[in-house]
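Asker: dropping the sequence and predicted coords here.
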Amino acid sequence: EIMRTKLLASAALVASAHTGLANADETWSTEIGTVVYESDLPNGQAVWSYPVEGSEWRGKAFIVGLAGAFEDRTGYTGYWMEAGSDDGKSGCEVEVRDPETENTSDVWGRLKIAFVDDGTWVALRGDCFEEPADMLVGRLD
């Protein structure tokens, strides 16, 4: 009986450890298309992807402190990034680095996101260092 209890406790611990992983099927509908919760990084950032108009590539959002938080979500900050500009003129003066791939881009900006309930969030995005002001609403699929 003691061995069975230890085995069940170990199984429960392993199962609870997996709940910190990104919920890969967590997606939201927005006016720009589907936003996907892609992964969690060891630094506590959650990685989301989103469609980029006129491109087959998806942009990424890195949200500080959201990794593994699937209940009682509140407000978060972070940054977004997309493929770099080809002309070297339309992007930001400085580049940011993707912590997953180490690729850099001059097309990025600040991000603020607030969850208004378990399935809906409102995000504000700005270009480069500008205060985020462009709004996007996501509703859980």
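Answerer: It's in.
Asker: who's in contact with Val122?
Answerer: 113-114, 116, 135-138 (Cβ atoms under 8 Å, 6 or more residues apart in numbering). C-beta here means a position set from N, CA and C on the backbone, and glycine is covered the same way.
Asker: at 6 Å instead, please
Answerer: Residues near Val122 by Cβ atoms under 6 Å, 6 or more residues apart in numbering: 114, 137.
Asker: where does the protein dip in pLDDT?
Answerer: For the chain, the stretches with pLDDT under 70 are 1-24, 85-89.
Asker: the helices in the chain, which residues?
Answerer: Under the criterion DSSP state H, the chain contains helices at 2-18.
Asker: how about the strands in it?
Answerer: Per DSSP state E, the chain carries strands over the ranges 27-30, 33-40, 45-51, 58-64, 75-82, 96-97, 104-105, 107-115, 120-125, 134-140.
Asker: what's the closest non-adjacent residue to Ala114?
Answerer: Using Cβ to Cβ, 6 or more residues apart in numbering and skipping the chain neighbours, the partner closest in space to Ala114 is Gly75 (4.4 Å).
Asker: is it true that the one you found touches Phe115?
Answerer: No: applying Cβ atoms under 6 Å as the test, Gly75 and Phe115 come out as separate, 7.6 Å apart.
Asker: so for those two, which sits in the more crowded spot?
Answerer: A direct count of neighbours by other Cβ atoms under 10 Å for Gly75 and Phe115 places Phe115 higher, at 17 against 11.
Asker: now that one. Nearest residue, chain neighbours left out?
Answerer: Counting by Cβ to Cβ, 6+ apart, the nearest residue to Phe115 once its immediate chain neighbours are dropped is Arg73, at 4.0 Å.
Asker: cool, and Glu95?
Answerer: Leaving aside its sequence neighbours, Glu95 sits nearest to Thr104 (Cβ to Cβ, 6+ apart; 4.2 Å).
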